[in-house]
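Visitor: Give me a 3D structure for the following:
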Amino acid sequence: MRVMVIVKADSRSEAGVLPTGKELTAMGKFNEELIKAGVMVDGGGLKPSSKGARVSFGGGKPVVTDGPFAETKELIAGYWVWEVKSLAEAIEWAKKVPFEHLPSTGRAAELEIREFHSVEDFPDAPESVIEQEKAWRNK
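Guide: The predicted structure is shown next:
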């Protein structure tokens, strides 16, 4: 199963404070463990919401809102995509994230783990959509 592990933002990440060399080393070691175990598919940190935008579709027309966005606790600072056997395995890996080596802003670090849908989850999917999905995934 493929999961996305979402790293929640905090005031530091939203202020654009970059990790120190020590912090990068700690996270790099953890990422290396994930890679060696064949778990890590992708991952990355995200720039603060002040560098982004939201596009909403209320009323049938797209509306663009430039960042920053107020609710830091609802924002994402980074992510991983992991290939694991189960949610339990993803949780075990998540427990090992070295947040103790990263500074805190008074709010506990938080991860969210979400399973990706696969085309098999949609029994009414036309064969053309299934083939398109497979082709896209195998690029």
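
Visitor: so where do the helices sit in the protein?
Guide: Ranges of helices in the chain, per DSSP state H, are 11-14, 21-36, 87-94, 127-137.

Visitor: mind putting those helices in TSV, mean pLDDT and distance to residue 65 included?
Guide: Every C-beta, even on glycine, is put in place using the N, C-alpha and C of the backbone. As requested, the helices of the chain are exported to TSV (pLDDT from 0 to 100; distance: least, CB to CB, whole Å):
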stretch	mean pLDDT	distance to residue 65
helix 11-14	88	16
helix 21-36	94	31
helix 87-94	97	31
helix 127-137	84	29
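
Visitor: Deepest in the core, which of these is it.
Guide: Neighbour counts (mean count of other CB atoms under 10 Å) averaged over each of the helices of the chain peak at helix 11-14, with a mean of 18.

Visitor: returning to that earlier point: and of the helices of the chain, who's closest to residue 111?
Guide: helix 87-94 (5.1 Å; CB to CB).

Visitor: Pull the residues that contact the closest one.
Guide: 1, 3, 5, 34, 39, 82, 84, 111, 113, 115 (CB atoms under 8 Å, 6 or more residues apart in numbering).

Visitor: about what we covered before: now for the helices of the chain, which one comes closest to residue 77?
Guide: Nearest to residue 77, of all the helices of the chain, is helix 11-14, at 3.8 Å by CB to CB.

Visitor: related to what we said a few turns ago, so which of the helices of the chain comes closest to residue 55?
Guide: Per CB to CB, nearest to residue 55 of the helices of the chain: helix 11-14, 19.7 Å.

Visitor: Check the most centrally placed residue in the chain and give its pLDDT.
Guide: With distances taken as CA atoms, centre = their mean, residue 79 lies nearest the centre of the chain, 2.4 Å away. What the model reports for residue 79 is a pLDDT of 96.
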